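K.L.:
Provided below are the primary sequence and the corresponding predicted coordinates.
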Amino acid sequence: FIVCAAFCAQKTDKYRRFFSGLALSAYALSTYPVQMLVHKLPLFNRFYAAIRWQWIAAFAMAILAGYGLDILLRHEYNRARLVRVWGVLTTVITGSLLTVYAVTHIFYDHFLILAVAVAKRKFPEIYASSPRAFAAVQRTLDEIIRQFSFANFAFIFAILCALGVCVLVMIYIRGRISGRQFRTMALALLAIEIILYPKSYGYISKKSYIATPQTVQFLQNHKADDTSRTFSLYPGVAYFSRAGMDMADIEQAMLLDREFIPPNTGALFNIESADGYDNLMPRRYSRILKYLGSQRTTYPGEAAPPPTVPPGSDYVAVRVATLQRPEIASLLGMMNVRSVITPLVLPAPYVKVTDMRVTTYKIPLYIYELSGYLPRLYFAKSTTIIAGDDDALFTAVLKNDFKKSTLVECQNTCDLLRTVGSGIISNMKYDAGSIIARATTVRGGFVVLSESNIRGWHAFIDDTEVPLVTTNYVYQGIAVPAGEHTIRFQYTYQL
């Protein structure tokens, strides 16, 4: 309602127009039909979660609300227009809520039949394999309908808050209260909302947010003196539901997710993950993450054909078989991954170092160490020059033994890259966007840096810039001449 005041100002300006357009565009992009259309366009096809556009819309609406409040306090609004807009808005919102409430309760059975049909069409493997699929669909539908039910305190609370703001502003613009009284009553209303908010919505306690996950505690106590990464082999929601966990339990679901140390949680505890959230991550890297079973990848489609499993295997069995493929370990080792977190039982070369029970549902979780993982910076034992389209290159990656050979893509000076010898990396200093080390080699060699080869990286040998080449499909490398040298990789942000 406060935002409405921004549209009823006596004077318009470019800022209001900009944030109004931003809010409307972002909200439109967050809707499923619009998202499906724009997802076919370049750049937009990397945004895999439509709901994240709502963050931008919420930001724009917050700016407009501040703008509207300033207009109210300065009396720079068109009173007649504001009363008319608020009257229409109140009528539309109230009528819509009552209509939704009536329709969902009168035609509940029809909605349930439709929801089951959609579930069978969109998730045939999960629905066919789970005996509790119908109950899960019904529970989901009930939860959606409950959001618009007068039996739901959160729903009533939201309506009362909106009406409270509307009434407060209406009596203010009619001159019934002063500006000082308006501010006092607005702060009181805000305080009531803050106090009642935890009782109205999905509330997660502060204790849960600040608690250190068990997996983090273990890794911090057993941290190797290197720059290795972690990775989580996450088998999916269906796996945990089958294990007896109620994934609708918001707090416990959040605690479970934190135990897998996603990138944002890892950043809090200085634990680096090979996974990623970035919607604009390199396409090649997102393809590898898709193959590894990441839930956060932006890669559209399948990264590679699914594994061969016995006939009749359900969705969970296929998912587990996917994560247990032997090339998964090879890829993780290439990506500098030392610790693997998963509830799955993994064969060699994974070595289980601990097991634990997490959440109140006591879900078993294991931490494995991957023997023979490659360092962040190292001399390649040998190089293999590869070329071709992306599918051919990715196939070569899946078949390669990275402990023995490094894959290099080059167009010039390929003969130099084929001449490799052993070497030693020492005195490495690793910082955000900068890696400096001493490289010593008798015959000359090829040094690999396990950081994405994206635009902005530059390499230097004794302060002289040298060309970077794409290595192991996603990383970067340089040819180093014989002798002892200072090598430096520097990242400079650029669009």
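P.N.:
Nice, I can see it.
K.L.:
Pretty sure residue 375 sits against residue 335.
P.N.:
No. Using CB atoms under 8 Å, residue 375 is not in contact with residue 335; the gap is 11.5 Å. Heads up, the C-betas are built off the backbone N, CA and C, glycines and all.
K.L.:
Quick check: neighbours shared by the two?
P.N.:
Common contact partners of residue 375 and residue 335 (CB atoms under 8 Å, 6 or more residues apart in numbering): residue 450.
K.L.:
Could you list every helix and strand that the helix or strand harbouring residue 91 packs against?
P.N.:
Element membership for residue 91, per DSSP states H and E: helix 79-106. In terms of contacts (3 or more CB pairs under 8 Å, 6 or more residues apart in numbering; DSSP states H and E), helix 79-106 is packed against helix 2-6, helix 153-173.
K.L.:
buried set for that helix?
P.N.:
82, 85, 86, 90, 101, 104 (16 or more other CB atoms under 10 Å).
K.L.:
Kindly report the same for stretch 62-71.
P.N.:
63, 64, 65, 67, 68, 69, 71.
K.L.:
and that stretch, average pLDDT?
P.N.:
On average, the pLDDT along stretch 62-71 is 85.
K.L.:
before we move on, back to that, neighbour count: residue 375 and residue 335, which is higher?
P.N.:
Set residue 375 next to residue 335 and count neighbours by other CB atoms under 10 Å: residue 335 wins out with 24 against 16.
K.L.:
Can you tell me the closest non-neighbouring residue to that one?
P.N.:
In space, and not counting its chain neighbours, residue 335 is closest to residue 274: 4.7 Å by CB to CB, 6 or more residues apart in numbering.
K.L.:
And residue 205, how close does it get to residue 449?
P.N.:
Between residue 205 and residue 449 the computed distance is 42 Å (CB to CB, to the nearest Å).
K.L.:
Give me the more crowded residue out of these two.
P.N.:
residue 449 (23 against 10).
K.L.:
Show me what the more buried one bridges to in the sheet.
P.N.:
Counting by DSSP bridges, residue 449 is bridged to residue 377, residue 476.
K.L.:
dump the residue contacts of it.
P.N.:
Per CB under 8 Å, 6+ apart, neighbours of residue 449: 376, 377, 435, 459, 471, 475, 476, 477, 478, 489.
K.L.:
hang on, the third one in a strand?
P.N.:
This means residue 435. Yes. Counting by DSSP: H, G, I helix; E, B strand; the rest coil, residue 435 is located in a strand.
K.L.:
For it, give me its contacts.
P.N.:
376, 377, 428, 429, 449, 451, 488, 489.
K.L.:
so what does the host helix or strand of residue 64 touch, helix or strand wise?
P.N.:
Residue 64 is part of helix 53-74, with elements assigned from DSSP H and E. For helix 53-74, the elements it packs on are helix 2-6, helix 14-29, helix 153-173, helix 179-200, judged by 3+ CB pairs under 8 Å, 6+ apart.
K.L.:
Return the angle between stretch directions for that helix and helix 179-200.
P.N.:
Inter-element angle recorded for helix 53-74 and helix 179-200: 150 degrees (by axes from the mean of the first three to the mean of the last three CA atoms, to 10 degrees).
K.L.:
Using CSV, write down the CA coordinates of helix 53-74.
P.N.:
Listed in CSV are the C-alpha atoms of helix 53-74, where the atom choice follows Å, rounded to 0.1, in the frame of the first residue of the first chain:
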residue,chain,number,x,y,z
TRP,A,53,14.1,-12.6,-10.0
GLN,A,54,11.8,-11.9,-7.0
TRP,A,55,14.8,-10.7,-5.1
ILE,A,56,15.4,-7.9,-7.6
ALA,A,57,11.6,-7.1,-7.6
ALA,A,58,11.6,-7.0,-3.8
PHE,A,59,14.6,-4.6,-3.8
ALA,A,60,12.8,-2.3,-6.3
MET,A,61,9.6,-2.4,-4.3
ALA,A,62,11.5,-1.5,-1.1
ILE,A,63,12.9,1.5,-2.9
LEU,A,64,9.5,2.5,-4.1
ALA,A,65,8.0,2.1,-0.6
GLY,A,66,10.6,4.4,0.8
TYR,A,67,9.8,6.8,-2.1
GLY,A,68,6.1,6.6,-1.3
LEU,A,69,6.6,7.1,2.5
ASP,A,70,8.6,10.3,1.7
ILE,A,71,5.8,11.5,-0.5
LEU,A,72,3.3,10.9,2.3
LEU,A,73,5.3,12.8,4.9
ARG,A,74,5.9,15.7,2.5
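K.L.:
how distant is it from the center of its chain?
P.N.:
26 Å (CA atoms, centre = their mean, to the nearest Å).
K.L.:
three-state assignment of residue 460?
P.N.:
Looking at residue 460 with three-state DSSP, the answer is strand.
K.L.:
next one: residue 430
P.N.:
strand.
K.L.:
That one - how many residues pack around it?
P.N.:
Residue 430, neighbours per other CB under 10 Å, totals 14.
K.L.:
For residue 272, see how far away it is.
P.N.:
Residue 430 is 10 Å from residue 272, by CB to CB.
K.L.:
what touches both of the two?
P.N.:
By CB under 8 Å, 6+ apart, the residues touching both residue 430 and residue 272 are residue 227.
K.L.:
before we move on, back to that, would you list the buried residues of helix 79-106 in JSON lines and tack on distance to residue 166 and pLDDT?
P.N.:
JSON lines is the format used below for the buried residues of helix 79-106 (distance: CB to CB, whole Å; pLDDT from 0 to 100):
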{"residue": "82", "distance to residue 166": "11", "pLDDT": "76"}
{"residue": "85", "distance to residue 166": "11", "pLDDT": "78"}
{"residue": "86", "distance to residue 166": "6", "pLDDT": "74"}
{"residue": "90", "distance to residue 166": "6", "pLDDT": "76"}
{"residue": "101", "distance to residue 166": "20", "pLDDT": "79"}
{"residue": "104", "distance to residue 166": "25", "pLDDT": "80"}
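K.L.:
ok, now which ones touch residue 77?
P.N.:
Taking CB under 8 Å, 6+ apart, one finds 5, 8, 9, 10, 71, 173 in contact with residue 77.
K.L.:
what sits opposite it in the beta ladder?
P.N.:
Beta-bridge partners for residue 77, by DSSP bridges, are residue 9.
K.L.:
any idea how far it is from residue 92?
P.N.:
For residue 77 relative to residue 92 (CB to CB), the value is 20 Å.
K.L.:
ditto for residue 364
P.N.:
Taking CB to CB, one finds residue 364 at 51 Å from residue 92.
K.L.:
Equivalent analysis for residue 189, please.
P.N.:
Taking CB to CB, one finds residue 189 at 22 Å from residue 92.
K.L.:
thinking again about what came up before, wait, which of the contacts of residue 449 is closest to residue 260?
P.N.:
Set against residue 260, the nearest of the contacts of residue 449 by CB to CB is residue 376 (22.0 Å).
K.L.:
Just say helix, strand or coil for the closest residue to the closest one other than its chain neighbours.
P.N.:
The shortest distance from residue 376 to any non-neighbouring residue, by CB to CB, 6+ apart, is to residue 227 (4.3 Å). With three-state DSSP as the basis, residue 227 sits in coil.
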